[in-house]
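# just the structure for this:
(one chain, ligands or ions: 1)
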Amino acid sequence: MKSKCVRSSFSTPGKVTTLLLAALPLLAITVLPAPDAVVQELNQDTVRRTNAQEPDAANDTPNQLRVVVLDAGHGGKDPGTHGRYAKEKTINLNLILQLGRKIKDKYPNVRVIYTRSSDHFVDLYERGAIANRNRADLFISIHCNASPSSSRVYGTETYTLGLHRTQSNLDVARRENAVILQEKNYQQSYKGFNPNSPLATIMLANYQHAFIASSITFAEKLERSFRQNASRKSNGVKQAGFIVLWKTTMPSVLIESGYLTNPDEENYLRSEEGQDEISTAIYKAFAQYKQEIESGD
Ligand SMILES: [Zn+2]
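So this is what the prediction gives:
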């Protein structure tokens, strides 16, 4: 019922449009119908992204990682998921602030920008826009997961933008995207995007293709670090259509740092020790990624 009003613009009759998803395993997808507004939007975004990749004339060391945007999922009126005691928005914020402090301590020259540094609501599209406006080199969004069907499911997952391969990956993206329905101008902001539509998810995947390889490289380091530095069970690197990653013009990941529906993992994520371990694991992956791109490996 919630999605009724957004679906109407997707059902407008239109011509057959073929989208090439260059860096995805699914190379060509026939989309029927595609509203002209969305296609136009795709073209505009491609132009912006190309400009964003041009080397800065004043920048003689183009491979430096100078600006990182840290995004604590949810906030304010949107609590995200929850466990028996913990709210996702609170854990996300604690993790992101700790991560930011660790990065600043070790790399005082890296600009750390938060999409929120307190408990308030930020629209999903604005989070990516903050990263683009500041010409960020990396975007990290932190969340907590939930499994409505079983309290036994646990572990970390890191997502990059792409086409989901399983129903459970799609379910995670739908849950994280559903918040747009609470935003004031979501029909204008997302041009009729319906978070429940698989078609909409496929269209999202086209945007980030220039950064998919770097995003996956960083995501793999994160999952390895969760295993090695925080003794977590890694459920691996996955793809799905997250709106928050949609228009970012830099490598971008969304971390699901554990399941609040699993009592043990909820206790771990609520604890000082758990939050320190998770933020340290993310920091170590960040440091490794930074070192790697700056040395040109
Ligand atoms: Zn979330």
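# which parts of the stretch 101-250 of the chain sit against the ion?
Contact residues, the stretch 101-250 of the chain versus the ion (CB under 5 Å from the ion): His143, Glu176. Quick note: C-beta positions are derived from backbone N, CA and C, even for glycine.
# for the ion, what is the nearest residue in the stretch 101-250 of the chain?
Nearest residue of the stretch 101-250 of the chain to the ion: His143, at 3.3 Å (CB to the ion).
# just the pLDDT at that residue, thanks.
At His143, the predicted lDDT confidence score is 98.
# with Lys104 instead?
With respect to pLDDT, Lys104 has a value of 98.
# pull the helix or strand with minimum mean pLDDT from the protein.
strand 28-31 (a mean of 29; mean pLDDT, DSSP states H and E).
# all strands of the stretch 101-250 of the chain, in order?
Remark: strands assigned in the stretch 101-250 of the chain by DSSP state E, counting those that start in this stretch are 111-114, 138-145, 156-161, 234-240.
# make JSON lines out of the ones you listed and add distance to Ile96 and mean neighbour count.
Below are the strands of the stretch 101-250 of the chain laid out as JSON lines (distance: least, CB to CB, whole Å; neighbours: other CB atoms under 10 Å):
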{"stretch": "strand 111-114", "distance to Ile96": "7", "mean neighbour count": "17"}
{"stretch": "strand 138-145", "distance to Ile96": "5", "mean neighbour count": "26"}
{"stretch": "strand 156-161", "distance to Ile96": "15", "mean neighbour count": "26"}
{"stretch": "strand 234-240", "distance to Ile96": "20", "mean neighbour count": "20"}
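# looking at the ones you listed, which is nearest to Asn177?
strand 234-240 (9.3 Å; CB to CB).
# pull the distance from that closest one to the chain's centre.
Strand 234-240 has its C-alpha centroid displaced from the chain centroid by 12 Å (CA atoms, centre = their mean, to the nearest Å).
# what of stretch 233-253?
In terms of CA atoms, centre = their mean, the centre of stretch 233-253 is found 4 Å from the chain centre.
# tell me which residue lies nearest the centroid of the chain.
For the chain, the residue nearest the mean C-alpha position is Leu254 (3.5 Å; CA atoms, centre = their mean).
# return the residues in contact with the residue of the stretch 101-250 of the chain closest to the ion.
Going by CB atoms under 8 Å, 6 or more residues apart in numbering, His143 touches Gly73, His74, Gly80, Glu88, Asn92, Glu176, Leu254, Ile255, Glu256, Ser257.
# which ones among the residues you listed are found in strands?
Leu254, Ile255, Glu256, Ser257 (DSSP state E).
# the third one: how many residues sit nearby?
Just to be clear, that refers to Glu256. 22 (other CB atoms under 10 Å).
# can you list contacts of the helix or strand in which Asn94 is found?
Using DSSP states H and E, the element containing Asn94 is helix 88-106. Helix 88-106 has contacts (CB under 8 Å, 6+ apart) with 68, 70-76, 78-82, 110, 112, 114, 116-119, 140, 142-144, 146, 257, 260, 269-270, 275-276, 278-280, 282-283, 286-287.
# among the residues you listed, which ones are in helices?
Mapping the contacts of helix 88-106 onto helices (DSSP state H) picks out Leu269, Arg270, Gln275, Asp276, Ile278, Ser279, Thr280, Ile282, Tyr283, Phe286, Ala287.
# rewinding a little: which of the residues in the helix holding Asn94 are buried?
By neighbour count on 16 or more other CB atoms under 10 Å, the buried set for helix 88-106 is 88-100, 102-103.
# go on, stretch 266-283?
For stretch 266-283, by 16+ other CB under 10 Å, it's 266, 268-270, 274-275, 277-283.
# tell me how far the closest residue to Asp78 other than its chain neighbours lies from Tyr186.
Spatial nearest neighbour of Asp78, chain neighbours left out: Val179 (5.0 Å); criterion: CB to CB, 6 or more residues apart in numbering. In this view, Val179 and Tyr186 are 9 Å apart by CB to CB, to the nearest Å.
# kindly report the same for Gln275.
Going from Gln275 to Tyr186 by CB to CB gives 32 Å.
# neighbours of His120, how many?
His120 - counted by other CB under 10 Å - has 12 other residues nearby.
# nearest to Ala230 among the ones in strands among the contacts of His143?
Nearest member of the ones in strands among the contacts of His143 to Ala230, counting by CB to CB, is Ser257, at 9.3 Å.
# quick one: pLDDT of that closest one?
Reported pLDDT for Ser257: 98.
# residue contacts, it?
Ser257 touches Ile91, Leu95, Ile142, His143, Cys144, Asn145, Thr156, Leu269, Ile278, counting by CB under 8 Å, 6+ apart.
# one step back: from what I can see the residue nearest to Asp78 touches Gly75, true?
No: contact criterion CB atoms under 8 Å: Val179 and Gly75 do not qualify, at 9.8 Å.
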